[in-house]
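Chemist: Below is the sequence, then the predicted model.
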Amino acid sequence: MSKRDYYEVLGVERSATEVELKKAYRRVAMKFHPDRNPDDKDAENKFKEANEAYEVLSDPQKKAAYDQFGHAGVEGQMGGGAGGFGGFSDIFGDVFGDIFGGGGRRSGPARGSDLRYDLELDLEDAVRGTTVKIRVPTLASCNTCHGSGAKPGTSPQTCGTCGGIGQVRMQQGFFSVQQTCPNCRGRGTIISDPCGSCHGRGRVEETKTLSVKVPPGVDTGDRIRLSGEGEAGPDGRPPGDLYVQVVVKEHELFQRDGKNLYCEVPISFATAALGGELEVPTLDGKVKLKIPAESQTGKLFRLRGKGVTPVRGGATGDLLCRVVVETPVNLSGKQKELLEEFANTLSEKKNSPRQTGWFEGVKNFFGDMKL
């Protein structure tokens, strides 16, 4: 039985390019592969036929001989894959290469690595915004060779092992496995005369000084992205980015919760009982706070608009002042006498309702137990 024309088998014109040949082969091979057509002898034969056709037409020398002499020009040149199912490994290589970075493309990162810098800020600077200068150690593109790694006047040479692809294909039984080229280590090029400044690496260590504009309202965990300020990419590729991670230091007076600020305000026993007025701090300066009579520890006073304006926009938060009644210490004898005299005038139920209610609750809890 005479063999069909190889171009007819793949369904392409004689002027088809390498890419068109591969695309046609994948289509036919996937359609008739025995794994998809079990116990179908006709499909198996068509798969073998397509495998054989692609083996010839994808090889420039075999293709030239076939174009000039037909099937007679390639007899005796066919590899073992022509009669088996080895061609399916090429399909695997193409499909998974597209997903994982193979398929004839050079391996390695598309750009340089991103960097992170932790920036500590005072609460005032985080709330109001500021501009700071930072020093960042990084890998920068070599100015002598402009990132190529080759001595000026020379250039990297295409790797002879992988042909500049950066990967080599190893046949392992049924599968064809792509691996990083052992000669160029995935770069696709070989530097025979390296640059004296970077010793062929294309990058040098340096410390950059950068100005970072911190917007008002940032908080711990926020990130500021500086595009292109990361590590320079290998082989002259673009640099990565620098991410400035904000860390707001603890403040001696204020605690922050989102857009609100909190602070504790100690007040005297007399102020708590009689009421009064005192100055409390805010990030904008001091303000007067009126304390009503009979205030208890833990009472919150809200100063509207004295908090933080969020970095992503929205209404400004509030300052919440929590009063803490301070018990007097280091009393003189006279002061103690006055307090004892004062205590004797107090009525438990009238002057200390919370204390009275608490003791009543304890008595009910323990029944008739005497305290």
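Modeler: Cool, the structure landed.

Chemist: right, and residue 244 touches residue 227 too?
Modeler: No: when contacts are counted by C-beta atoms under 8 Å, residue 244 is not listed as touching residue 227 (11.9 Å). Quick note: C-beta positions are derived from backbone N, CA and C, even for glycine.

Chemist: what about those two, which has more around it?
Modeler: Taking other C-beta atoms under 10 Å, residue 244 and residue 227 do not tie; residue 244 has more neighbours (22 against 9).

Chemist: Now do the strand or helix carrying that one: which elements does it pack against?
Modeler: For residue 244, the host element (DSSP states H and E) is strand 242-248. Packing partners of strand 242-248 (3 or more C-beta pairs under 8 Å, 6 or more residues apart in numbering; DSSP states H and E): strand 115-121, helix 123-128, strand 203-214, strand 223-226.

Chemist: residue boundaries of the helices in the protein?
Modeler: Under the criterion DSSP state H, the chain contains helices at 6-10, 18-32, 41-57, 60-69, 87-100, 123-128, 269-274, 333-344, 348-351, 353-366.

Chemist: Could you count how many residues lie near residue 220?
Modeler: Residues lying near residue 220 (other C-beta under 10 Å) number 13.

Chemist: go on, residue 133?
Modeler: Residues near residue 133, counting by other C-beta under 10 Å: 8.

Chemist: and if you look at residue 74?
Modeler: Counted by other C-beta under 10 Å, the residues lying close to residue 74 total 22.

Chemist: Likewise for residue 156?
Modeler: Burial measure for residue 156: 23 neighbouring residues, criterion other C-beta under 10 Å.

Chemist: What pLDDT does the model give it?
Modeler: Note on residue 156: pLDDT of 89.

Chemist: Could you check how far it is from residue 164?
Modeler: Distance, residue 156 to residue 164, by C-beta to C-beta, to the nearest Å: 10 Å.

Chemist: what do you get for residue 48?
Modeler: 32 Å.

Chemist: Please apply the same query to residue 259.
Modeler: Residue 259 sits 56 Å away from residue 164, going by C-beta to C-beta.

Chemist: what does residue 241 give?
Modeler: Counting by C-beta to C-beta, the gap between residue 241 and residue 164 amounts to 29 Å.

Chemist: before we move on, what about residue 280?
Modeler: 71 Å.

Chemist: Where among the helices of the chain is average confidence lowest?
Modeler: helix 87-100 - the lowest mean pLDDT of these, at a mean of 40.

Chemist: Which residue, other than its chain neighbours, is closest to residue 43?
Modeler: Once flanking residues are discounted, residue 43 sits nearest to residue 37: 3.6 Å by C-beta to C-beta, 6 or more residues apart in numbering.

Chemist: Just give me the neighbour total for the one you found.
Modeler: By the measure other C-beta under 10 Å, the count of residues near residue 37 is 15.

Chemist: And the strands in the stretch 101-250 of the chain?
Modeler: For the stretch 101-250 of the chain, the strands defined by DSSP state E, counting those that start in this stretch occupy 115-121, 130-141, 157-158, 167-172, 175-180, 189-190, 203-214, 223-226, 242-248.

Chemist: Can you say which of those is nearest to residue 305?
Modeler: For residue 305, the closest of the strands of the stretch 101-250 of the chain is strand 242-248, at 20.4 Å, according to C-beta to C-beta.

Chemist: So for the closest one, what gets flagged as buried?
Modeler: Under the neighbour-count criterion of 16 or more other C-beta atoms under 10 Å, strand 242-248 has 242, 243, 244, 246, 248 buried.

Chemist: Return that strand as PDB; C-alpha atoms alone will do.
Modeler: Only the C-alpha atoms of strand 242-248 are listed here, as PDB (Å, rounded to 0.1, in the frame of the first residue of the first chain):
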ATOM      1  CA  LEU A 242      10.100  47.800  46.400                       C
ATOM      2  CA  TYR A 243       7.300  47.500  48.900                       C
ATOM      3  CA  VAL A 244       7.700  49.800  51.900                       C
ATOM      4  CA  GLN A 245       5.900  48.100  54.900                       C
ATOM      5  CA  VAL A 246       4.600  50.600  57.400                       C
ATOM      6  CA  VAL A 247       5.100  49.900  61.100                       C
ATOM      7  CA  VAL A 248       3.600  52.500  63.500                       C
END
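
Chemist: avg pLDDT for that strand?
Modeler: Averaged across strand 242-248, pLDDT comes to 95.

Chemist: what's the residue closest to the geometric middle of this protein?
Modeler: Centroid check for the chain by C-alpha atoms, centre = their mean gives residue 114 as the closest residue, at 8.6 Å.

Chemist: wait, what's in contact with that residue?
Modeler: Residue 114 makes contact with 230, 231, 240, 241, 242, 243 under the criterion C-beta atoms under 8 Å, 6 or more residues apart in numbering.

Chemist: what about the spatially closest residue to it that is not a sequence neighbour, how many residues close to it?
Modeler: Computed as C-beta to C-beta, 6+ apart, the closest residue to residue 114 that is not its neighbour in sequence is residue 240, at 4.2 Å. Residues near residue 240, counting by other C-beta under 10 Å, number 22.

Chemist: ditto for residue 57
Modeler: Residue 57 has 25 neighbouring residues, counting by other C-beta under 10 Å.
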